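Undergrad: show me how the following folds:
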Amino acid sequence: MLHQRDVDADEERLRTAVAALKDEQRRVFYERARNRLRDPDTYAALNWFFLAGLHHFYLGRWWLGLLDLGVFLLGVVLIVAGLVWPGIGLILCVSVLELWALFRAQIIVQDWNNRIYRSLLAEAQNE
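TA: Below is the predicted model of the structure:
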């Protein structure tokens, strides 16, 4: 499980390492980072409005997004097929799990961005 203090400390270490890059390396680093970093508010909005896993697609976690979407759609199919309570149960399960992700959107995206920074930093240091 992610802890805010650990993610914050990681972010600070990465910022210090990026600041130590040469000017040209830092420019290239931020240019590459601009399109890959994610916004926690967008992640939260996708989670809030579309409980079917779209926020996972936003972070490139396709398998989680497909799993959420599949379970959600299975719940809808069960309801349409007359199995109302099992369908509602599946949809509620997905909703509860996604509600947890909604409340942790800030730290989830911050950790995601730290991973991007770490990857780009390694590239910049190897060039």
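Undergrad: list the contacts for Leu54?
TA: With contact set as C-beta atoms under 8 Å, 6 or more residues apart in numbering, Leu54 has these partners: 46-47, 65, 69. In this view, the C-beta of every residue, glycine as well, is placed from N, C-alpha and C.
Undergrad: out of those, give me the one that has the most neighbours.
TA: Asn47 (25 neighbours; other C-beta atoms under 10 Å).
Undergrad: any chance of the contacts of Leu54 in a markdown table, plus distance to Cys93, pLDDT and secondary structure?
TA: Formatted as a markdown table, the contacts of Leu54 follow (distance: C-beta to C-beta, whole Å; pLDDT from 0 to 100; DSSP: H, G, I helix; E, B strand; the rest coil):
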| residue | distance to Cys93 | pLDDT | secondary structure |
| --- | --- | --- | --- |
| Leu46 | 19 | 85 | helix |
| Asn47 | 15 | 83 | helix |
| Gly65 | 16 | 89 | helix |
| Leu69 | 14 | 88 | helix |
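Undergrad: save the residues you listed as CSV, and put in distance to Glu123 too.
TA: CSV is the format used below for the contacts of Leu54 (distance: C-beta to C-beta, whole Å):
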residue, distance to Glu123
Leu46, 28
Asn47, 30
Gly65, 26
Leu69, 32
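Undergrad: among those residues, which one sits closest to Val96?
TA: Asn47 (12.5 Å; C-beta to C-beta).
Undergrad: which helix of this structure spans the most residues?
TA: helix 105-126 (DSSP state H).
Undergrad: check which helices and strands that helix is in contact with.
TA: Helix 105-126 sits against helix 4-19, helix 23-36, helix 40-49, with contacts defined as 3 or more C-beta pairs under 8 Å, 6 or more residues apart in numbering; DSSP states H and E.
Undergrad: just the ones you listed: most buried one?
TA: With neighbours taken as mean count of other C-beta atoms under 10 Å, these reach their highest mean count in helix 40-49, at a mean of 17.
Undergrad: pull the distance from it to the chain's centre.
TA: 10 Å (C-alpha atoms, centre = their mean, to the nearest Å).
Undergrad: quick check: angle from it to helix 105-126?
TA: Between helix 40-49 and helix 105-126, the angle comes out at 140 degrees (axes from the mean of the first three to the mean of the last three C-alpha atoms, to 10 degrees).
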